[in-house]
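Chemist: Sequence unavailable; structure follows:
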């Protein structure tokens, strides 16, 4: 991927003012990081973190996320498997003194992602967890830029807080004192972190939960600090329709889990849950139901993966109000269409901008389609766990339109990405959606300017016919009223463009004898015809991410050409195959 200061492959160069603004923010962030690193590693800072001694534990918050006791027993047997990597440590080995197989494994290891499963394995698991925590403390207990960085610390403090009482029940007095001191120091440091502002709310929740677990004035101080930070961020991150400000459905579900844990911790301490947090829980629950398709799994957009039915059920177990007839999430920028045996969710908003766009994708008007409970049409499902695979954030990695070899936005790279994170830049800024419902079906028109750098507007028109049980679509590229002179200069040309339908790994497709129609089948073996008027049709390889690991998949690519001064369109229809 080209550096941000150069022209991209499609010839687009961002305005100089925008490039300068991003560069200035990157320089400022890099300087701030350097200063923080020097301060955090100093003796005076470690002394401040020590603070007042914690004499006892108080609350025992319950994290509603499902645990896997079997995984905990495998750790007891000596095998540590995390995020696609595995390490044989034996029954008493130290994984923190051994090279991790991958960086993702190391992050998960230092987050203590193994802790909930190990505690779920019973008293033996708790005792093994205490030994592992002691191993971590010997090497990383004072301070370390990686282990104490926001990527690891937030989740580690959360896991420690939820497991503290279970661990203390199997600990000696000295081990229990070390555990309380660890949690207090890490929570105090977590409350100071300003880096990765998109996670500020999640950090505030973790700090507050840790405060609920620690008794006395040290706990009260953390609760006060955490709740003040929560009040500053919660209404900005949780949108009125329950969506997460990053526009990631998965981020919303994970935040819902955290807030439910916070609610339980505050109740145990006899403290009221802030009204804003209670309102956010209700809104996030509604949004989770909206983003959950008929197969029980979550839709995958903007750095969120497909979350399975078991986890979704756990997130909604507190809410006995049942499914709600929500078909539109206007603040989040999504629309849902349901009719017959077809179900669809469409991205109808611009990607998040600035620090909220670290996981955003350049895929305006992308869709996911469920056919007779089979998830057939989806996206590559990229998430930040797929480290380094940022190409899957581009337009051709989702079920939408791509033009030429460019994208409707791109992530930062090089120095800017190192300092700020891989923000998405040059994405769609103007996205509108118009919906009409009637007894026969649903119309949805989506228009966006993500292809303005080639002088084109993309309009996606969808009609879900509930009577005929079919979905009809038309993707049009039309000339913009006023072209950017820099982007539009040069000879007239034809650009290749494509309408892509990425298939779920369990779906398969074949082209009919006419060379145009495509038959798609899912696990239930029900066939669906994708008919179209494209110039050419291809079935190409693709990938689908699951917990950051790529699975083989396919994609149907409808191809044509467009002249920016004239425009072009492709029409298609998805209908059930007879028999």
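Modeler: Here it is on my side, so go on. These figures come from a predicted structure and were not determined experimentally.

Chemist: Residue 309 is in contact with residue 298, isn't it?
Modeler: No: in this structure residue 309 lies outside contact range of residue 298 using CB atoms under 8 Å: 9.1 Å. C-beta: built from backbone N, CA, C; applies to glycine.

Chemist: What is the host helix or strand of residue 255 packed up against?
Modeler: Using DSSP states H and E, the element containing residue 255 is helix 249-268. Applying 3 or more CB pairs under 8 Å, 6 or more residues apart in numbering; DSSP states H and E, we find helix 249-268 packed against helix 150-168, helix 200-213, helix 275-291, helix 309-316.

Chemist: List the buried residues in it.
Modeler: Of all the residues in helix 249-268, those buried under the rule 16 or more other CB atoms under 10 Å are 249-266.

Chemist: picking that back up, give me the more crowded residue out of residue 309 and residue 298.
Modeler: Between residue 309 and residue 298, counted using other CB atoms under 10 Å, residue 298 has the larger neighbour count: 26 against 12.

Chemist: neighbours of the closest residue to residue 26 other than its chain neighbours, just the number please.
Modeler: Of all residues not flanking residue 26 in the chain, residue 419 sits nearest, at 3.9 Å (CB to CB, 6 or more residues apart in numbering). Residue 419 has 19 neighbouring residues, counting by other CB under 10 Å.

Chemist: helix, strand or coil for residue 419?
Modeler: Recorded secondary structure, residue 419: helix (DSSP: H, G, I helix; E, B strand; the rest coil).

Chemist: ok, which stretches of the stretch 51-200 of the chain are helices?
Modeler: Using DSSP state H, counting those that start in this stretch, the helices found in the stretch 51-200 of the chain span residues 69-76, 103-110, 115-120, 123-140, 150-168, 173-192, 200-213.

Chemist: Please tabulate those helices in a markdown table and include distance to residue 291 and mean neighbour count as additional columns.
Modeler: Output for these, formatted as a markdown table (distance: least, CB to CB, whole Å; neighbours: other CB atoms under 10 Å):
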| stretch | distance to residue 291 | mean neighbour count |
| --- | --- | --- |
| helix 69-76 | 27 | 18 |
| helix 103-110 | 25 | 21 |
| helix 115-120 | 24 | 24 |
| helix 123-140 | 33 | 18 |
| helix 150-168 | 23 | 22 |
| helix 173-192 | 29 | 20 |
| helix 200-213 | 19 | 27 |
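
Chemist: coming back round to it: let's have the helices and strands packed on helix 249-268 in CSV, adding mean pLDDT.
Modeler: As requested, the helices and strands packed on helix 249-268 are exported to CSV (pLDDT from 0 to 100):
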stretch, mean pLDDT
helix 150-168, 97
helix 200-213, 98
helix 275-291, 96
helix 309-316, 96
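
Chemist: wait, what's in contact with the residue minimising distance to the centre of the chain?
Modeler: In the chain, the residue lying closest to the centroid (CA atoms, centre = their mean) is residue 304, at 3.0 Å. Counting by CB atoms under 8 Å, 6 or more residues apart in numbering, residue 304 touches 248, 249, 250, 251, 298, 359, 381, 383.

Chemist: Most widely separated two among those?
Modeler: Across these, the longest distance by CB to CB is 14.9 Å; it joins 298 and 359.

Chemist: hey, which strand is longest across the protein?
Modeler: Longest strand in the chain by number of residues (criterion: DSSP state E): strand 549-562.
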